[in-house]
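**Student:** Have a look at this fold, sequence not included:
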């Protein structure tokens, strides 16, 4: 009996040793996303995408585990800065993924920059996020490109010569994108006949609608979020305003269809990804696994979250797995070339850190999102 | 010099020695949280001067902090940076060409905020109690609307970006200790006693010949000055500011600090600041996936808020008036405590 116990003890100890030694080889990656707070829906979506991506590629090439450490930033700047600081200087992560919104990413960026650790954002589209930064990169396109795609679509496909713009004054996303659209549209030869402002929590758009109606534009560009767009669409249709409403990626949410009902039919928007147009093998596999796990289609945030993970793991592999230094990983993130990700083919410009990739145009038809076209840069 | 003053000065020196030790031995994350503690200590103490000492239930801090942050940031940004950032409407030329170093920018931020506080004092102190809360709440909301709409000054919703990261631990704690000393001197002065009289019974204070309006105004303007400086420090710590940063949530956080610490107690504010700022960081542990005796618990986001809320409820049940109530820490009491023990031993 005693002997048996001895053998057992040795077995247990050696097993523990083995398992611990396999655990020792890991690459720590920090994730800073809003899991609570006002923009929690985006963070949770992205996290779902990243988790599915991790289940597809849990290890780096050299066999070391990719260990994701998720910290919640509540969608706030101070919390983002704290979280990034904790991940880099206390948990010693090799890279940070995050944050969702541009302004939060910018609050964390100086810390990544100072510690020479790469920060890869999935969905911060403001051009200033990576400006002058050596260690901040992104896997999404930037606002000027999205505005250009919308302007080109309006001008070339819808043949609209005049447009009205609806700007959500207190959202940097809306202000920035509207600015990009106006610039691109004017350059093409289009005319902005009316620029209107509103606030996030507005319920009544009759003042803006009557102004727009008197100017009679061919298209209304409203880069805003799904709630405002669906409310506006309902009221506009009631007042007999039947122009196409063009929007940005903020429109993409099931809630748009629920709140908007019939009124949002025809709402067209630029976005990052369409599950039906996903062409790469990685995207197909991702969609299948995502459906298996969550019983639904991933939205753009989830797809981008997954892409941030894939691009990062690819860079870690190139840099040499668990032995890679953050600087080396950053080098390979910035030299990502023709990476066939979930949201399309991603190339990151080594100088700016911005992704050069295609955008998708989708629209609402009979209460469903349908694919319209893909626009290449 | 009395024993108590010497001890106070010694403990301030001790605080700075601790910071000096920390800045060499602690990791930057820990120091960052200490910086935040310093800023919130200053904001909390000045807010407590209005709410706790003078007893005026005001909800203005987010407005004052916003003004301070914007003024300081606009002053330290270089003209080139401002030119690149204001993409919608160019900045007003005379503001764009203004550029100065950090310290004068902070002082001006404080003075501008104090001046706004002074102007605001005239209308708001015409009302008392709950009405004052509503009026000042309105002020906080107005500041946000103004920040969103004066695009040629504040860059609207896009906010100001790329602010230099000047704020370090010395700035934070230098200002925090300075604010603490100034506010404690006011509390223990003739003005402080008048403020407490107003808090306890305003009509009686008027009957005793206190000019309640000006006493309240002093509390308000001093608090506004430090809140403005605090805003400037915060802007140069985070390096990005936008109107969404200064919502009612900021006021709410300060309100938690002063109520948990004890309305009117500055030492209580210091303890509560530690609890609130460090608490929300240390409680990140409960959101991480854990393995307890082979049982795997996945991380639940938002769990720390639940635990923190429970903690606050427990504190408020067992200490109705906050951790310190209206009492302050004093050296005399500490020594008396030892003396009593000695007596008991004999």
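**Tutor:** Nice, I can see it. Everything numeric in this text was worked out from a predicted model, so none of it was measured.

**Student:** buried set for stretch A:338-350?
**Tutor:** A:339, A:341-346, A:348 (16 or more other Cβ atoms under 10 Å in any protein chain shown). In this view, the C-beta of every residue, glycine as well, is placed from N, C-alpha and C.

**Student:** Ok, stretch B:72-80 next?
**Tutor:** Using 16+ other Cβ under 10 Å as the test for burial, stretch B:72-80 gives B:72-77.

**Student:** Inside helices: which ones of these?
**Tutor:** Using DSSP state H, the members of those that fall in helices are B:72-76.

**Student:** which of those residues lies closest to chain A?
**Tutor:** residue B:73 (13.2 Å; Cβ to the nearest Cβ).

**Student:** Leaving out the residues flanking it, which one is nearest to residue B:4?
**Tutor:** Nearest-residue entry for residue B:4: residue B:331, 4.5 Å, with adjacent residues in sequence omitted and distances by Cβ to Cβ, 6 or more residues apart in numbering or on different chains.

**Student:** got a list of contacts for stretch A:197-212?
**Tutor:** If you take Cβ atoms under 8 Å, 6 or more residues apart in numbering or on different chains as the criterion, stretch A:197-212 is touched by A:164, A:166-171, A:194, A:196, A:220, A:228, A:231-232, A:235-236, A:239, A:241, B:148.

**Student:** Can you turn the buried part of the residues you listed into a PyMOL selection?
**Tutor:** Provided next is the PyMOL selection string for whichever of the contacts of stretch A:197-212 are buried by 16+ other Cβ under 10 Å:
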select buried, (chain A and resi 164+166+167+168+169+170+171+194+196+220+228+231+232+235+236+241) or (chain B and resi 148)
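
**Student:** Which helix or strand contains the closest residue to residue A:341 other than its chain neighbours?
**Tutor:** Among residues not flanking residue A:341 along the chain, residue A:307 sits closest, at 4.2 Å (Cβ to Cβ, 6+ apart). Using DSSP states H and E, residue A:307 falls within helix A:300-319.

**Student:** can I get the buried residues of stretch B:72-80 in JSON lines with pLDDT?
**Tutor:** Formatted as JSON lines, these follow (pLDDT from 0 to 100):
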{"residue": "B:72", "pLDDT": "96"}
{"residue": "B:73", "pLDDT": "95"}
{"residue": "B:74", "pLDDT": "94"}
{"residue": "B:75", "pLDDT": "95"}
{"residue": "B:76", "pLDDT": "94"}
{"residue": "B:77", "pLDDT": "93"}
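
**Student:** is chain B contacted by the helix or strand containing residue A:284?
**Tutor:** In this structure, residue A:284 sits in helix A:281-294 according to DSSP H and E. No: on the criterion Cβ under 8 Å from any Cβ of the partner chain, helix A:281-294 is out of touch with chain B, staying 14.1 Å away.

**Student:** in that helix, what counts as buried?
**Tutor:** Buried, per 16+ other Cβ under 10 Å, within helix A:281-294: A:282-283, A:286-287, A:289-290.

**Student:** So which elements touch that helix?
**Tutor:** The contact analysis (3 or more Cβ pairs under 8 Å, 6 or more residues apart in numbering or on different chains; DSSP states H and E) places helix A:281-294 against helix A:40-56, helix A:300-319, strand A:339-341.

**Student:** Just want the angle from it to helix A:40-56.
**Tutor:** Going by axes from the mean of the first three to the mean of the last three Cα atoms, to 10 degrees, helix A:281-294 is angled at 110 degrees with respect to helix A:40-56.

**Student:** what about helix A:281-294, average pLDDT?
**Tutor:** Helix A:281-294 comes out with an average pLDDT of 93.

**Student:** Name the residues that touch it?
**Tutor:** A:48-49, A:52-53, A:55-56, A:275, A:278, A:296-298, A:302-303, A:306, A:310, A:340-343.

**Student:** Buried subset of the residues you listed, written for ChimeraX?
**Tutor:** To isolate the buried ones among the contacts of helix A:281-294 in ChimeraX, judged by 16+ other Cβ under 10 Å, type:
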select /A:48,49,52,53,56,275,278,298,302,303,306,310,341,342,343
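
**Student:** just to revisit the earlier point, dump the helices and strands packed on helix A:281-294 to JSON lines, plus mean pLDDT.
**Tutor:** Formatted as JSON lines, these follow (pLDDT from 0 to 100):
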{"stretch": "helix A:40-56", "mean pLDDT": "92"}
{"stretch": "helix A:300-319", "mean pLDDT": "94"}
{"stretch": "strand A:339-341", "mean pLDDT": "92"}
